[in-house]
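Q: Would you be able to build a 3D model of this:
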Amino acid sequence: MPHNTVLTRIDGDLDAALDRLMTLLAIPSISTDKAYKADCDAAADWLVRDLGSIGFEASKRETPGHPMVVAHGGPAPVEGIPHLLFYGHYDVQPVDPLSLWDTPPFEPKLEDTDKGRVIRARGSSDDKGQLMTFIEAMRAWVATHGALPCRITIFLEGEEESGSPSLVPFLKENAEELKADIAMICDTGLFDGKTPAIVTQLRGLLAEEITIRAATRDLHSGFYGGMAANPIHVLSRICADLRDDNGGVTLPGFYDDVPELAPELKAQWEALDFDPDHFLRDVGLSVPAGEKDRTTLERMWSRPTAEVNGITGGYTGDGFKTVLPAEASAKISFRLVGQQDPEKIHAAFVDFVNARLPEDVTCEFSNGHGAPASVMSTSDPAFEKARQALSEEWGTEAAFVGAGGSIPVAGHFKEILGMDAMLIGFAKDDDRIHSPNEKYDLASFHKGMRSWARILSALTPTG
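A: Purely as a prediction, here's the structure:
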């Protein structure tokens, strides 16, 4: 197959590819800290130059925040050959606490561990190492064949780790330029360290914050206890009432737009080498919570949730201060699936809370913002072709999986650009993303490049 020569090129160029990644990793492109704005610009500039060196028409696009990088390469789109959009992000998380790093976070190094060689640096796994697997696969393809086999647009963001404030406006303003047949996102991971996966459904998210208020000031519990309403009691009841004894969410209408898992996906998930007891044991637990009639993977990937993420109220310092607090607050999140509408869930939540407020007690609602779930249509033959290509490279049957978290860009691509996304990544659970001593396995970097080459070949009839 034509991609065999590309794979040989990738293998022979591994050291040079690693050097290029190390150069990018050395740029401290922390998007959340204004002190690193120049470094974010430098990372974008480096990527523009690198993409230009392999034949892409690349440019840095300014935004109110950090710049986007957009590049176009390959022949003009023709019928029967897909136009692909690749997305990654070049910004990274802050490194705090710096004292917990064993080596400087922006002095990348190749390190031998008992599990193999790893690339140690901030951003090595999230997401610079991942996005460079695709760019290096394109480099090898051009070096081998002289051109790309299809039209490819590359779109790299610089604000993913700071909430992507410029993303949606940029997508809307540049929708015609960025539209393609299918998007590819490399910001996910392997299923279990050895099994490749394509994420085909992502849960949405609704974030709520409520503040319960009663008296105009904190009250002495000796004088007012048993007489005045206690906001913590009211808040506790609201939080407790969100779930029933079987772990289900009790908001009226909450499950109206929740679909049942397709039989073929359920069969794939059941075939995965997943031990729910081990999964919980790793965090010191043994009894699953949530819906009792659902498997662990269903609860994680295809079922909605309601969770209390934090509660504040009253006196929490050393010793006792015997007061009835004037107010108490909670942060509550809902993970959404299927066609659940964040606005509809928010309205149901407001009604749910208000129905539980005694006289003299009020509630203020903050946030109430969210995004719906993203579900990709695996009926598109491209998904199965990509799955087979991954299986060939890793020697293990790849799976279509879900993700418990949310990756909003996939939903934005579907809503604004009208296309599904394949979420394919090579990170591992122990990569310590967002934590000190982040790493990316050298094998993930190497096989990631080879995986993209195989996928490109599988998706293009001339590949």
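Q: Would you enumerate the residues in contact with the spatially most central residue of the chain?
A: Note on the chain: the residue nearest the mean C-alpha position is Ile407, at 3.8 Å, using CA atoms, centre = their mean. Residues in contact with Ile407 (CB atoms under 8 Å, 6 or more residues apart in numbering) are Ile185, Asp187, Thr188, Val199, Leu202, Ser374, Leu423. All C-beta atoms are positioned from the backbone trio N, CA, C, and that covers glycine.
Q: looking at it, the fourth one is touching Gly405, isn't it?
A: No: look at Val199 against Gly405 with CB atoms under 8 Å: they stay out of range, at 9.9 Å.
Q: So between those two, which is more surrounded?
A: Taking neighbours as other CB atoms under 10 Å, Val199 and Gly405 compare with Val199 leading, 26 against 11.
Q: what pairs with that one across the strands?
A: Beta-bridge partners for Val199, by DSSP bridges, are Val401, Leu423.
Q: Name the member of the contacts of Ile407 with the most neighbours.
A: The most crowded member of the contacts of Ile407 is Leu202, carrying 29 neighbours; neighbours defined as other CB under 10 Å.
Q: circling back: can you give me the distance of the residue nearest to the centre of the chain to Asp126?
A: According to CB to CB, to the nearest Å, Ile407 and Asp126 sit 12 Å apart.
Q: Residues that sit against both of those two, list them.
A: Residues touching both Ile407 and Asp126 (CB under 8 Å, 6+ apart) are Asp187.
Q: From Val249, how far out is the spatially closest residue to Glu208 that is not a sequence neighbour?
A: Of all residues not flanking Glu208 in the chain, Ile332 sits nearest, at 4.7 Å (CB to CB, 6 or more residues apart in numbering). Ile332 sits 11 Å away from Val249, going by CB to CB.
Q: And Asp181, by the same measure?
A: Taken as CB to CB, the span from Asp181 to Val249 is 37 Å.
Q: neighbour-wise, which of the two wins?
A: Neighbours per residue, other CB under 10 Å: of Asp181 and Val249, the larger number sits with Val249, 20 against 17.
Q: residues in contact with the residue lying closest to Gly73 once chain neighbours are set aside?
A: Leaving aside its chain neighbours, Gly73 sits nearest to Phe56 (4.1 Å; criterion: CB to CB, 6+ apart). By CB under 8 Å, 6+ apart, Phe56 lies in contact with Ala71, His72, Gly73, Met138, Ile152, Ile154.
Q: next one: phi and psi at the residue of the chain positioned farthest from its centre?
A: The centre of the chain is farthest from one residue, Phe223, which by CA atoms, centre = their mean lies 50.6 Å away. Backbone torsions of Phe223, given as degrees, to the nearest 10, read phi -90, psi -40.
Q: Also Pro67?
A: Note on Pro67: its backbone torsions stand at phi -70, psi 160 [degrees, to the nearest 10].
Q: Quick check: it touching Lys60?
A: Yes: if you go by CB under 8 Å, Pro67 and Lys60 touch, sitting 4.8 Å apart.
Q: joint contacts of these two?
A: Common neighbours of Pro67 and Lys60 are listed as Asp41, Ala44 (criterion: CB under 8 Å, 6+ apart).
Q: Tell me which of those two has more neighbours.
A: Neighbour tally, Pro67 and Lys60, criterion other CB under 10 Å: the higher count belongs to Pro67, 24 against 16.
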